[in-house]
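Visitor: here is a sequence together with a model predicted from it:
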Amino acid sequence: MNIEIFQVSDLDQMMVFLDDNLTENYEKKVFLTIHQRWPEGFLIVKDHGNIIGVGCGAILPNEKLRILILALDKKFQGRGLGKEIMSRMIKASEVYGVRKVTLEVRKDSDAINFYRKLNFSRVDILPCYYQDGCDGIVMERQL
């Protein structure tokens, strides 16, 4: 398995991966914009050429990194890949003076425990945040 910086040529395969692994739907142009603004913070995980994971973030004002997506194929979870993606995004953000990492997660997601293990804390609730009406939980971590 390799963790690589996203390339535009990966877009179609990544969209299929996201459709299979997330409940939210995104337009391709969103990812092109994310890639253009901070390519070092847009990572994919490949296994034998197939995308099995995606992580991307955005640098925000006030020394903040916002994790936009962190998704892994269920068969590859629990192997340290999510932790490694997060670590690489945080390391790439250091040049911008980032001091806080934030993200949103579904209130019914098993990922909450994963983020807690990475020292994220729950700081807010976003009612009906997701497209299906599920609430979101805002989590953050000080660096």
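Guide: Cool, got the structure.

Visitor: number of nearby residues for the closest residue to Val98 other than its chain neighbours?
Guide: Nearest residue to Val98, sequence neighbours excluded (Cβ to Cβ, 6 or more residues apart in numbering): Leu65, at 4.6 Å. No exception for glycine: its C-beta is placed from N, CA and C like everyone else's. Taking other Cβ atoms under 10 Å as the criterion, the count of residues near Leu65 is 27.

Visitor: helix or strand for Leu65, which one?
Guide: With secondary structure defined by DSSP states H and E, Leu65 is part of strand 64-72.

Visitor: after that strand comes which helix or strand?
Guide: Of the helices and strands lying after strand 64-72 in sequence (DSSP H and E), the nearest is helix 81-93.

Visitor: can you name every helix or strand that that following helix contacts?
Guide: If you count contacts as 3 or more Cβ pairs under 8 Å, 6 or more residues apart in numbering; DSSP states H and E, helix 81-93 packs onto strand 2-5, strand 42-47, strand 50-60, strand 64-72.

Visitor: could these go into TSV alongside distance to Met86 and mean pLDDT?
Guide: What follows is those, written out as TSV (distance: least, Cβ to Cβ, whole Å; pLDDT from 0 to 100):
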stretch	distance to Met86	mean pLDDT
strand 2-5	11	96
strand 42-47	10	97
strand 50-60	7	97
strand 64-72	7	97
